[in-house]
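**Student:** Sequence and predicted structure, then a few things I'm wondering about:
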Protein chains: 2
Amino acid sequence: MTTPREIRRAAIVVTGTEVLSGTRRDRNGPWLAGRLREVGVQVAHVLIVGDRGADVLAALRFSAAEQVDLVITSGGLGPTADDLTAEVVAEVAGVPMVLDSALEGRIAAIVAPLQKRFENLDADALAAGTRKQAMVPEGATVIEPAGTAPGLVVKAQGGAGPVVVALPGPPRELQPMFEAALETEAVRGALAGIGEIRESVLRLFGIPESEIAATLRAADDRGIALAALEITTCLHNGEIEVSTTYAPEDQDAYAAFAGFVAERHAQTLFSTDGTTVDQQVAAQLVAAEMTVATAESCTGGLLAARLTETPGASRYMRGGMVTYANDSKTAIAGVSAAVIDADGAVSQAVAEALADGARARLGADVGVGITGVAGPGGGSVEKPVGLVWLSVSLALPARSGAAPDDSPETHAWDVPSAEVVRLTRSVTLPGSRADVRERATTVAMHLLRRLLLQAGVSAGARAQSRQPPAAAPR
Amino acid sequence: MTTPREIRRAAIVVTGTEVLSGTRRDRNGPWLAGRLREVGVQVAHVLIVGDRGADVLAALRFSAAEQVDLVITSGGLGPTADDLTAEVVAEVAGVPMVLDSALEGRIAAIVAPLQKRFENLDADALAAGTRKQAMVPEGATVIEPAGTAPGLVVKAQGGAGPVVVALPGPPRELQPMFEAALETEAVRGALAGIGEIRESVLRLFGIPESEIAATLRAADDRGIALAALEITTCLHNGEIEVSTTYAPEDQDAYAAFAGFVAERHAQTLFSTDGTTVDQQVAAQLVAAEMTVATAESCTGGLLAARLTETPGASRYMRGGMVTYANDSKTAIAGVSAAVIDADGAVSQAVAEALADGARARLGADVGVGITGVAGPGGGSVEKPVGLVWLSVSLALPARSGAAPDDSPETHAWDVPSAEVVRLTRSVTLPGSRADVRERATTVAMHLLRRLLLQAGVSAGARAQSRQPPAAAPR
């Protein structure tokens, strides 16, 4: 960094054998990492361990040694014997465990209704569990339970070492209790004087990762202050994400870097503001008040599912068809059987007919057609596994009557003949069946974005979108 | 375990700032943990770190110190400067980095086609990236690239410390390369003498997790030797998975436990052999030579995508419709507009009409209809967010002519009227929009499975499936 600033770091320790074994996905690590980043804290690591005491102790000792200011733990605060986080935290902090009688009373009040709800509940077992949960490291600040387990904020003895925040595992308990922990004196102290960190993301589609590596070297040669920026690049699903974190005073260095990338990769850079292609397409469709419909073969509904993932998708999504069997392409999407016979199901003509069929049958402005060989079987020399044909078509509507925005230029829309704009391409995608299907869906999103852009539809540019490419003479 | 056996432990280190920051979900940690468990290795921890050199080094040193026999890393083997896993592994092992010229040639041959695919590619950048990827810790065993990055198997100098296996981050590269790494001499040596661990999975649908906890206590009371079994239960998407690992000599204890679960949960236990509901439905459809078609509203194509996920899905999947807009339900699935007006789009009648429409329009034996309120908006008092109506209908075909299997009993099929069997239900699902969509898809799979079972279609029971429920008098 170019100027000194206070960096605060945190470590996250997730306990739970079911998470470690891979049978259950950890939701707390990613959530805590995101929230910590938002409050300006750098995350050193996420460490997932099982419910073995020695492993939890080693995890906490390692995290405490990693020059972090905070350690957040999730899980292991329940009433049973294998819930041992509180004791391990006390051991690492060098303080004894003590009974918090007032806390014991509050937990007892919370669990009391359980005795009414379940018959044959063992009252002694319940009381023992309550007492166990009220045993806390000496000097700990208690975070009131969102469920039945309290959270703990613990300072190391003598203040040498990070503040440990121990939270229960269920996300709906952990999340509000983390917010409460942020307000405790111990955590405020640990994060005092924190420097703001900014994060910006560039997204590119259609170039290999090595090109970005070359751009980084060239930016360095050009004298752009890359040392002030923490840049990571990652390739996902054919898209390259260039993520940069930097201090506010290094904003100019970031702007120079982002400008340099934009200059070298004008054709493939599609996002500079953190938006995804999905968000951009949704915004384009909403801005243009256009609707979309899909007809998918090899992707089997993944594109439709992706277009309906966002709340409010009904504003632009008409619907879709999954034309998996060949005769279903004819039956529901209206693809001519003769075209399928002549060119084969995986062909330019069928992709285009699917796009047009989706548009026509579902009454949408834009249609998308996808047909390909997802594999692992079914490939041939001419049509190998991974070959996918994609087509998008847009019928610029033949409108009459009041033009949008009452702009006099838009009266060219009164011409009653509709214009169809179309983009069709083939790609040969690497990887497994799942990879081919997922990547083909991403290619379709980008094709959709490009078509809308070419038709003059950019997000937020509604008036422009309704104008014909060239203004008609008046 | 009842008898002494050799325990081998492994640590997993996942590198990648995008995973650490919570913006990308880590798929490699869970996958590696699952595969290690399958080969009988206990996982000590999964440690996720960013692409900072000091953090990767600390992660490897910590993992190496944790009395593990193997450390598996994912990521950081790419061609850019922030890919630094190989160097850090060399540092931990105490060996220098050396150029493997033969490897450089093989990587160059792999990336050469990129030069044809992309115009204006920087050849020097490509060559520099290739050379970087061919720098390996001295004495490392190279795992041939599944993509462009090689993997590495590295023994510590003098053999003091775990064997480190470094694999690239993309799952489709990591997975086959992990299998290749298992076959290397170094890994075989580290895992020599390992005790066999068996793993069995029971799956249940439609009961709360607390019921399984009660069953475990009851099994203990019954005297079943649970101490010999390592049992984890996990709730996912409405299904409960009871996963048990045990030594071969504890097979009888497992059989007693599995039998006890089957006895107490006969109605909800749907899998005792590790199969998923997806595999079971596919097997049922194939066995009965039946086809399926879908019409989805709130799930937006997720069910069609799930039914086409498996290679060979074209044997039973005709296709689907995503009837997102109300009038698309009428236009493509043939749902009467009057029914939608009378009962609303989210209703029993519309779910049934969607199932029938899918079946009729796509010429399938079985139709599935789904309509619901995925949220977060759009809910009401009568139809809250999470309410989903699902219907499956099966037309037992009116066949004439030769009966399947030439069985004389099947002549009842000659009756030309088809019989329709239908199951319809509503559920109110908790969670986010994504949760509701995913869980509704799972409920649909189970409804499909039950319908096929009720119609006499069980996997592998083709002849039975073609017989009418009661044999007609001869």
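**Tutor:** Looks like it arrived, so ask away. Numbers count the residues shown, from 1 in each chain, chains lettered A, B, ... in the order given.
**Student:** Which residue is the nearest non-sequential neighbour of A:Pro150?
**Tutor:** Nearest residue to A:Pro150 in three dimensions, chain neighbours excluded: A:Val142, at 5.1 Å (C-beta to C-beta, 6 or more residues apart in numbering or on different chains). For glycine as for every other residue, the C-beta is placed from the backbone atoms N, C-alpha and C.
**Student:** State which helix of chain A is the longest.
**Tutor:** With secondary structure taken from DSSP state H, chain A has its longest helix at helix A:433-454.
**Student:** Alpha carbons of that helix, as CSV, please.
**Tutor:** In CSV, the C-alpha atoms belonging to helix A:433-454 read as follows (Å, rounded to 0.1, in the frame of the first residue of the first chain):
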residue,chain,number,x,y,z
ARG,A,433,-21.4,-32.9,-19.2
ALA,A,434,-22.2,-30.6,-16.3
ASP,A,435,-19.4,-28.2,-17.4
VAL,A,436,-20.7,-28.1,-21.0
ARG,A,437,-24.3,-27.5,-19.9
GLU,A,438,-23.3,-24.7,-17.4
ARG,A,439,-20.9,-23.0,-19.8
ALA,A,440,-23.3,-23.1,-22.7
THR,A,441,-25.8,-21.3,-20.4
THR,A,442,-23.2,-18.6,-19.7
VAL,A,443,-22.5,-18.3,-23.5
ALA,A,444,-26.2,-17.8,-24.0
MET,A,445,-26.4,-15.1,-21.4
HIS,A,446,-23.5,-13.2,-23.2
LEU,A,447,-25.1,-13.7,-26.6
LEU,A,448,-28.3,-12.2,-25.2
ARG,A,449,-26.4,-9.3,-23.7
ARG,A,450,-24.7,-8.6,-27.0
LEU,A,451,-27.8,-8.8,-29.1
LEU,A,452,-29.6,-6.4,-26.8
LEU,A,453,-26.6,-4.0,-26.9
GLN,A,454,-26.5,-4.2,-30.7
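**Student:** That one and chain B, any residue contact?
**Tutor:** Yes. On the criterion C-beta under 8 Å from any C-beta of the partner chain, helix A:433-454 is in touch with chain B at A:433-435, A:437.
**Student:** residues of that helix that come out buried?
**Tutor:** Within helix A:433-454, the residues that count as buried by 16 or more other C-beta atoms under 10 Å in any protein chain shown are A:433, A:435-449, A:451-453.
**Student:** circling back: A helix includes the residue nearest to A:Pro150, no?
**Tutor:** No. A:Val142 is assigned strand when assessed by DSSP: H, G, I helix; E, B strand; the rest coil, not a helix.
**Student:** Beta-bridge partners for it, please?
**Tutor:** Taking DSSP bridges as the rule, A:Val142 bridges to A:Leu152.
**Student:** which ones are touching it?
**Tutor:** Applying C-beta atoms under 8 Å, 6 or more residues apart in numbering or on different chains to A:Val142 gives the contacts A:100, A:103, A:136, A:150-152.
**Student:** next one: A:Glu309
**Tutor:** So A:Glu309 contacts A:278, B:300, B:433-434, B:437 (C-beta under 8 Å, 6+ apart).
**Student:** Closest one to B:Arg198 out of these, please.
**Tutor:** Taking C-beta to C-beta as the measure, B:Arg198 lies nearest B:Ala434 of those, at 34.6 Å.
**Student:** what are the phi and psi angles of A:Ala247?
**Tutor:** Here is the backbone geometry of A:Ala247 (degrees, to the nearest 10): phi -80, psi 150.
**Student:** Mind jotting down where the strands sit in the stretch 301-450 of chain A?
**Tutor:** Listed in chain order, the strands found in the stretch 301-450 of chain A under DSSP state E, counting those that start in this stretch are A:317-322, A:366-372, A:387-396, A:419-428.
**Student:** measure the residue in the stretch 51-200 of chain A that chain B sits nearest to to B:Arg61 for me?
**Tutor:** Using C-beta to the nearest C-beta, A:Phe62 is the residue of the stretch 51-200 of chain A that sits closest to chain B, at 4.7 Å. Per C-beta to C-beta, to the nearest Å, A:Phe62 is found 9 Å from B:Arg61.
**Student:** Give me the more crowded residue out of these two.
**Tutor:** Here A:Phe62 and B:Arg61 are compared on neighbour count by other C-beta atoms under 10 Å in any protein chain shown; more neighbours surround A:Phe62, at 24 against 15.
**Student:** So for B:Leu396, which of the strands of the stretch 301-450 of chain A sits nearest?
**Tutor:** strand A:317-322 (24.3 Å).
**Student:** Run the chain-centre distance for the closest one.
**Tutor:** Strand A:317-322 sits 24 Å away from the centroid of its parent chain (C-alpha atoms, centre = their mean, to the nearest Å).
**Student:** And for stretch A:213-226?
**Tutor:** Distance, stretch centre to chain centre, for stretch A:213-226: 28 Å (C-alpha atoms, centre = their mean).
**Student:** ok, now stretch A:44-55?
**Tutor:** Distance, centroid of stretch A:44-55 to centroid of chain: 25 Å (C-alpha atoms, centre = their mean).
**Student:** Now the element after the helix or strand that contains the residue of the stretch 51-200 of chain A closest to chain B, going C-ward?
**Tutor:** According to DSSP states H and E, A:Phe62 maps onto helix A:53-65. Downstream of helix A:53-65, the first helix or strand assigned by DSSP H and E is strand A:70-74.
**Student:** That next one and chain B, any residue contact?
**Tutor:** No. Strand A:70-74 stays out of contact with chain B when judged by C-beta under 8 Å from any C-beta, the minimum separation being 12.9 Å.
**Student:** That strand versus helix A:53-65: what angle between them?
**Tutor:** 150 degrees (axes from the mean of the first three to the mean of the last three C-alpha atoms, to 10 degrees).
**Student:** what sits up against strand A:70-74?
**Tutor:** A:8-16, A:28-29, A:32, A:36, A:41, A:60, A:63-64, A:85, A:89, A:162-169, A:174, A:178, A:187, A:190-191.
**Student:** Report the buried members of these.
**Tutor:** Burial by neighbour count, 16+ other C-beta under 10 Å: within these this picks out A:8-16, A:28-29, A:32, A:36, A:41, A:60, A:63-64, A:85, A:89, A:162-169, A:174, A:178, A:187, A:190-191.
**Student:** now, which of the residues you listed lie within strands?
**Tutor:** A:8-15, A:41, A:163-167 (DSSP state E).
**Student:** before we move on, back to that, could you export the residues of helix A:433-454 next to chain B as JSON lines, including pLDDT?
**Tutor:** Below are these laid out as JSON lines (pLDDT from 0 to 100):
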{"residue": "A:Arg433", "pLDDT": "92"}
{"residue": "A:Ala434", "pLDDT": "91"}
{"residue": "A:Asp435", "pLDDT": "88"}
{"residue": "A:Arg437", "pLDDT": "96"}
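**Student:** tell me the centre residue of chain A?
**Tutor:** By C-alpha atoms, centre = their mean, chain A has its centre lying nearest to A:Thr276, at 9.1 Å.
**Student:** can you pull the contacts of that one?
**Tutor:** A:Arg203.
**Student:** What of the one 3 residues further on?
**Tutor:** Counting by C-beta under 8 Å, 6+ apart, A:Gln279 makes contact with A:Thr310.
**Student:** how close does it sit to A:Phe270?
**Tutor:** When distance is defined by C-beta to C-beta, A:Gln279 is 11 Å away from A:Phe270.
**Student:** Next SSE downstream of the helix or strand encompassing A:Ala282?
**Tutor:** Assigned by DSSP H and E, A:Ala282 falls within helix A:277-288. Heading C-terminal from helix A:277-288, the first helix or strand you meet, by DSSP H and E, is strand A:292-296.
**Student:** helices or strands next to that next one in the packing?
**Tutor:** helix A:302-307, strand A:317-322, helix A:348-362, strand A:366-372 (3 or more C-beta pairs under 8 Å, 6 or more residues apart in numbering or on different chains; DSSP states H and E).
**Student:** Redo the ones you listed as a markdown table? Include distance to chain B and mean pLDDT.
**Tutor:** Below are the helices and strands packed on strand A:292-296 laid out as a markdown table (distance: least, C-beta to the nearest C-beta, whole Å; pLDDT from 0 to 100):
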| stretch | distance to chain B | mean pLDDT |
| --- | --- | --- |
| helix A:302-307 | 3 | 97 |
| strand A:317-322 | 4 | 96 |
| helix A:348-362 | 5 | 96 |
| strand A:366-372 | 12 | 97 |
